[in-house]
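Enquirer: A structural model of the following input is requested.
(one chain, ligands or ions: 1)
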Amino acid sequence: MSNIAEEINKRRTFAIISHPDAGKTTLTEKFLLYGGAINLAGSVKGKATARHAVSDWMEIEKERGISVTSSVLQFNYGGYCINILDTPGHQDFSEDTYRTLMAADSAVMVIDGAKGVEPQTRKLFKVCGMRGIPIFTFINKMDRDANDTFELLDEIEKELGIATCPVNWPIGCGKSFKGVYDRHKQTVVTYSDTEKGTKEGETTVIPIDDEDAVTQAVGEERKQILFDEIELLDGASAEYDLEAIRNGKLTPVFFGSALTNFGVEIFLQYFLQMTTTPLPRISKGESVDPVANDFSAFVFKIQANMNKAHRDRIAFMRICSGRYDADMDVKHVQSGKVMRLSRPQQIMADERKILDEAYGGDIIGVFDPGIFSIGDTLCMPKADIMYEGIPTFAPEHFARVRQIDTMKRKQFVKGITQIAQEGAIQIFQEYNTGMEEIIVGVVGVLQFEVLKYRLENEYNVEIKLEPLPYEHIRWIVSSDTDLDKIVGTSDMKKIKDLKDRPLLLFINEWSVGMTLDRNKGLELSEFGTA
Ligand code: G4P
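Expert: This is a model prediction of the structure:
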């Protein structure tokens with residue numbers, strides 16, 4: 001039997017985030033190549049298909065070329081066991097991204113060198129900030145014309161409010177891209193377009209002190225620019241500080257080209273040294289040491305019907321401590337049930353690998369017979385662990401939803417309830433009526449389309465969505481409030497959530513304040529918990 005501490009300590013679990021098209025998928029693919037997890041032939045030839053196969057599951061993703069679900073990939077490299085959590089690229093899925101980040105210990109942010117900080121980068125970054133996790137920046141596409149390097153760093157600092165510390169520095173870009181300077185090792189690594197090769201092949205590594213060799217490799221002009229930039233950089237940029245990195249206050253920055261596979265391995269090697277082993281999570285106010293405790297995990301994502309051929313529902317969980325093995329009985333804390341996890345698996349594309357064992361830091365998917373909810377804890381039957389819940393985002397768009405064919409009421413309610421349990425949407429009911437009227441709340445409007453699409457394709461139910469004008473939702477947190485007695489503004493609507501908790505909807509912020517003024521003792525919150 002392998003040593004549990006050793007296994008856990010070699011785990012590195014991170015999420016990868018970017019604005020769509022910055023190169024997240026390409027970079028992930030290159031990581032996987034280094035780990036030998038996918039083979040080159042398949043990946044290069046059918047690149048487009050390989051890409052969909054790796055991280056895109058839903059038809060809607062393929063049709064629109066966006067990624068709306070998260071996937072999990074595992075590979076081994078250099079003695080580490082690496083778990084990558086892919087995140088949806090589209091802005092309407094930041095809630096999903098937030099949940100995924102809950103399961104990660106750090107994030108890799110991919111930025112397109114020609115575009116810099118883009119809207120989605122900003123949004124995702126904010127989500128990372130909420131989690132306070134370390135962020136590593138990879139500035140991609142240096143084989144194309146890129147923005148001025150100092151300006152790129154400046155933009156990250158100003159727009160995202162995080163200090164930057166370049167670990168390497170690009171030598172030119174586009175047609176005159178010559179490689180990178182490794183500030184730590186003080187070497188120049190020359191660029192070679194290995195044409196998506198398996199390894200970074202033809203690069204040469206030259207000590208910066210060997211000026212003649214550097215000149216020969218990059219040319220006199222580039223060398224001079226590089227030397228000037230290094231001098232400027234040493235004076236101006238934030239100092240490398242591992243603690244600040246691990247606290248999410250400083251981001252190490254790397255430059256490269258995922259497509260041509262340059263700078264990827266350099267990044268991977270530094271990243272693995274700088275990022276942490278699986279971090280403890282908090283249960284009942286105390287941190288649970290991953291190594292010193294037996295198996296425990298929490299559910300951060302539920303996904304139904306990932307694969308039409310399987311028609312199943314999978315709960316993704318992050319193992320927080322100990323070792324999981326397939327024959328073990330575990331306790332589902334929220335229901336108190338002791339159970340055996342059914343067919344735990346690692347999921348990569350359509351391939352599913354049944355696991356015999358997994359360790360703290362790993363992500364596993366298990367078949368969910370309909371008992372798991374997001375935020376649930378699993379632990380050993382005798383343990384007393386309950387991890388902190390995952391906050392839900394306040395929906396900003398609401399619509400009343402009806403099925404077109406009244407005969408299909410049952411499928412409709414089942415479908416919409418399941419999709420809500422997965423956390424893809426939130427559903428509410430009119431206050432004082434039953435399930436007759438369902439109100440759907442989403443953070444981004446694309447989720448409405450996903451709902452419509454999924455109900456049609458997975459449950460065979462057509463729906464009609466009627467947009468409602470509300471934009472602000474508040475959960476009532478004061479315990480002695482009588483919903484009937486609340487005196488609100490004329491635009492206020494009383495509803496309740498799936499757990500029968502009372503809520504208020506408002507069209508504008510002003511009404512929220514007004515209602516608070518009019519009802520003494522009323523306390524409202526923007527967040528529910530999953
Ligand atoms: P995403 O997951 O962040 O959305 O981005 P993805 O990797 O899909 O990359 C988006 C596009 O950018 C792809 O081109 C990809 O080949 C290209 N790309 C990624 N990294 C680099 C790089 O380092 N240099 C250059 N020059 N291009 C890069 P596409 O035309 O949309 O797709 P395809 O036809 O190449 O499949």
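Enquirer: C-alpha only now, for contacts and for neighbours.
Expert: Will do.
Enquirer: Now for this structure, the helix or strand with the poorest mean pLDDT.
Expert: helix 40-45 (a mean of 34; mean pLDDT, DSSP states H and E).
Enquirer: would you list every one of the strands in the stretch 401-530 of the chain?
Expert: In the stretch 401-530 of the chain, the strands defined using DSSP state E, counting those that start in this stretch lie at 426-430, 438-442, 463-468, 472-476, 493-497, 502-506, 524-525.
Enquirer: Correction: the previous question concerned the stretch 251-400 of the chain.
Expert: So, for the stretch 251-400 of the chain - with DSSP E, counting those that start in this stretch - the strands run 281-283, 286-288, 296-304, 313-321, 323-325, 329-332, 337-340, 345-348, 351-354, 357-359, 363-367, 377-379, 397-403.
Enquirer: one step back: pipe the strands of the stretch 401-530 of the chain into a markdown table and attach mean pLDDT, mean neighbour count and distance to Asp482 per row.
Expert: Output for the strands of the stretch 401-530 of the chain, formatted as a markdown table (pLDDT from 0 to 100; neighbours: other C-alpha atoms under 10 Å; distance: least, C-alpha to C-alpha, whole Å):
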| stretch | mean pLDDT | mean neighbour count | distance to Asp482 |
| --- | --- | --- | --- |
| strand 426-430 | 90 | 22 | 16 |
| strand 438-442 | 93 | 23 | 22 |
| strand 463-468 | 95 | 14 | 25 |
| strand 472-476 | 91 | 22 | 10 |
| strand 493-497 | 89 | 19 | 12 |
| strand 502-506 | 92 | 22 | 10 |
| strand 524-525 | 87 | 15 | 13 |
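Enquirer: Out of those strands, flag the one nearest the ligand.
Expert: strand 438-442 (22.9 Å; C-alpha to the nearest ligand atom).
Enquirer: next one: the closest one to chain centre, how far?
Expert: 24 Å (C-alpha atoms, centre = their mean, to the nearest Å).
Enquirer: Excluding chain neighbours, give the residue nearest to Ile385 in space.
Expert: Leaving aside its sequence neighbours, Ile385 sits nearest to Ser283 (C-alpha to C-alpha, 6 or more residues apart in numbering; 5.8 Å).
Enquirer: what's near enough to touch that neighbour?
Expert: Applying C-alpha atoms under 8 Å, 6 or more residues apart in numbering, we find Ser283 in contact with 385-388.
Enquirer: which bits of the chain sit near the ligand?
Expert: 18, 20-26, 48, 140-141, 143-144, 257-260 (C-alpha under 6 Å from any ligand atom).
Enquirer: Now with 5 Å, please.
Expert: Counting by C-alpha under 5 Å from any ligand atom, the chain comes close to the ligand at 20-26, 48, 141, 257-259.
Enquirer: Which members of the residues you listed are classed as buried?
Expert: 20, 22-26, 141, 257-259 (16 or more other C-alpha atoms under 10 Å).
Enquirer: what residue ranges in this protein score low on pLDDT?
Expert: 1-2, 36-70, 89-94, 193-202, 305-312, 342-355, 433-435, 528-530 (pLDDT under 70).
Enquirer: which residue sits closest to the residue of the stretch 151-300 of the chain found nearest the ligand in space, ignoring its chain neighbours?
Expert: Nearest residue of the stretch 151-300 of the chain to the ligand (C-alpha to the nearest ligand atom) works out as Ser257 at 3.4 Å. Nearest residue to Ser257, sequence neighbours excluded (C-alpha to C-alpha, 6+ apart): Lys141, at 4.6 Å.
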